[in-house]
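Peer 1: Okay, here's the prediction I keep looking at, along with the sequence it came from:
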Amino acid sequence: MDLSIVIVNWNTRALLRDCLLSVRQGLGELNAEVWVVDNGSTDGSQAMLAHEFPKVRLIANPDNRGFAAANNQALKQARGRHVLLLNTDTLVHGSVLPDAVRWLDDH
């Protein structure tokens, strides 16, 4: 596994969708896993994930555990050689993900 991407979400369904779409388009040939830790969202985020991104690994917290604790939940299970923490308001552009993994592997 080349890369594990961890995204913490709390009631940002539309931003999360845009972020995940950009990640999906930007992965290229990378062998990657994407984790979303949802901190008890009430905006339909979890249903959107199940419907539009069934390959995303979801950790569904019943309440808001905070950013650090939520990241730690996914980091304990991540299998990638490299890990990237993304916020839901992040968009991945071009080949930044494969380029970053290549750079990390080289250095």
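Peer 2: Arrived safely. Predicted model only: the values in this text are computed from it and were never measured.

Peer 1: Which stretches in the protein count as helices?
Peer 2: Along the chain, counting by DSSP state H, helices occupy 13-26, 45-52, 67-75, 96-106.

Peer 1: Check the offset of the shortest one from the chain's centre.
Peer 2: It stands for helix 45-52. Relative to the chain's own centre, helix 45-52 is displaced by 13 Å; criterion: Cα atoms, centre = their mean, to the nearest Å.

Peer 1: in stretch 88-107, what counts as buried?
Peer 2: For stretch 88-107, the buried set under the neighbour-count rule, 16 or more other Cβ atoms under 10 Å, comprises 88, 92, 97-98, 101. Every residue, glycine included, has its C-beta placed from N, CA and C.

Peer 1: Can you list the neighbours in contact with it?
Peer 2: Under the criterion Cβ atoms under 8 Å, 6 or more residues apart in numbering, residues 2-3, 7-9, 12, 15-16, 18-19, 22-23, 25-30, 32, 81-82, 84, 86 lie in contact with stretch 88-107.

Peer 1: Indicate which one of the helices of the chain is closest to N61.
Peer 2: N61 lies closest to helix 67-75 among the helices of the chain, at 6.8 Å (Cβ to Cβ).

Peer 1: Give me the number of neighbouring residues for A32.
Peer 2: A32 has 22 neighbours, counted by other Cβ atoms under 10 Å.

Peer 1: Could I get the contacting residues of the residue lying closest to it once chain neighbours are set aside?
Peer 2: Using Cβ to Cβ, 6 or more residues apart in numbering and skipping the chain neighbours, the partner closest in space to A32 is L3 (4.3 Å). Contact partners of L3, counting by Cβ under 8 Å, 6+ apart, are 27, 30-33, 80-84, 97, 101.
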